[in-house]
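In: this is a predicted model, with the sequence first.
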Amino acid sequence: GNAEAFQSIKRSNQRHKALKLNSKFFFFGSLFLFSCSKKEKGNKEQTISKVLSNKFKRHVRGNRATRKAAFTLAEVLITLGIIGVVAALTLPALINNSRNKELEAGLKKNYSVIQQAFDMYQAHNGVRLTPKILAKLELKPLIFPYFKVLVDCYWGFDSMENNIACGAVNSSTVDNVISKYRTLNDQNIANLSFFDDGQFILVDGSSIFIENATNSDPLHVFISVDVNGPNKRPNQWGHDLFTFQLMDDGKIIPMGAPGTEYTNTNSYCTLGPSSNKNNGIACTYYALTDKNYWKNLP
């Protein structure tokens, strides 16, 4: 009986030691796991912190790069100023070249229109119009039907409303209209006697002026044209106002050509100083034949 009791006590002591040992293993194992878990959590937090830090640094660097690439207000203002200066220097020349090309095209077109009108008269009547067969004020009613007319300004020597519409009235009572047309170098035309034997405005806006003199020696007939009409500037001989002469053989020749009445360029087609009140009347020939004429025109 004593032996069995001793064995029972011994087994009980062994179980107690094993349980105690297991408790120690559990405690230290739990402590180890807790330590590992805390370390891993710290590593994760450190990793997240590092990622956020790197993203922030990249964002800052990107902003710095953006700031370096952008223009400051001062730089923008300086650039705009330079653009403005360049535009001020180049735009007037570009506009002037464009306008001169339009005027050149208008001159060529109207020269053709005038020639066609005289050709149609000859085709319908069997005779060519020449200065020798025309009485004073006779040309306009003969040639008028062969133009596409928008406004008839009658003759051009009184102050009737339709006369004023064409912008060149040879009358001292309407000085403001007389001064509408000027010479090549922007002086008042001496008088408008070259414009007062018939006037009308065509459907395209250009205007026709007739000089049908019978008291000149030799007899002469002039046809002038304002290629863009009286209401558009510059209204100057040699710019938008051009004169042609009806020759003895019935041909329409640009004034300034050999054989026409006005050929001296020093007096009648010069951009330099000139006191001649008909300066510009001889420019028609050069405007049609000189390739540099329109380039040199101010």
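Out: Good, I have the coordinates. Residues are numbered from 1 along each chain as shown.
In: tell me the helix or strand right after the helix or strand of the chain with the lowest mean pLDDT.
Out: Lowest by mean pLDDT, DSSP states H and E among the helices and strands of the chain is helix 175-178, with a mean of 48. Helices and strands here follow DSSP states H and E; after helix 175-178, the next one along the chain is strand 199-202.
In: give me the sheet partners of the helix or strand following that next one and which way each runs.
Out: On the C-terminal side of strand 199-202, the closest following helix or strand by DSSP H and E is strand 207-212. Its sheet considered, strand 207-212 pairs with strand 199-202 (antiparallel), strand 221-226 (antiparallel) by DSSP bridges.
In: could the ones you listed go into JSON lines alongside distance to Met247, mean neighbour count and mean pLDDT?
Out: No exception for glycine: its C-beta is placed from N, CA and C like everyone else's. Output for these, formatted as JSON lines (distance: least, Cβ to Cβ, whole Å; neighbours: other Cβ atoms under 10 Å; pLDDT from 0 to 100):
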{"stretch": "strand 199-202", "distance to Met247": "22", "mean neighbour count": "22", "mean pLDDT": "95"}
{"stretch": "strand 221-226", "distance to Met247": "9", "mean neighbour count": "25", "mean pLDDT": "96"}
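In: can I get these in TSV including distance to Lys180?
Out: As requested, these are arranged in TSV below (distance: least, Cβ to Cβ, whole Å):
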stretch	distance to Lys180
strand 199-202	12
strand 221-226	10
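In: minimum distance to Ser275: which of the ones you listed has it?
Out: Closest to Ser275 of the strands paired with strand 207-212, according to Cβ to Cβ: strand 221-226, at 21.4 Å.
In: show residues contacting the closest one.
Out: Applying Cβ atoms under 8 Å, 6 or more residues apart in numbering, the contact partners of strand 221-226 are 107, 110-111, 114, 131, 134, 139, 167, 181, 194-195, 206-213, 235, 240-246, 252, 255.
In: now with 6 Å, please.
Out: Applying Cβ atoms under 6 Å, 6 or more residues apart in numbering, the external contacts of strand 221-226 come out as 110, 114, 131, 194, 206-212, 240-246.
In: then stretch 260-275?
Out: Contacts for stretch 260-275 (Cβ under 6 Å, 6+ apart): Asn185, His220, Gln245, Ile253, Met255, Gly256, Asn276, Asn279, Ile281, Ala282, Cys283.
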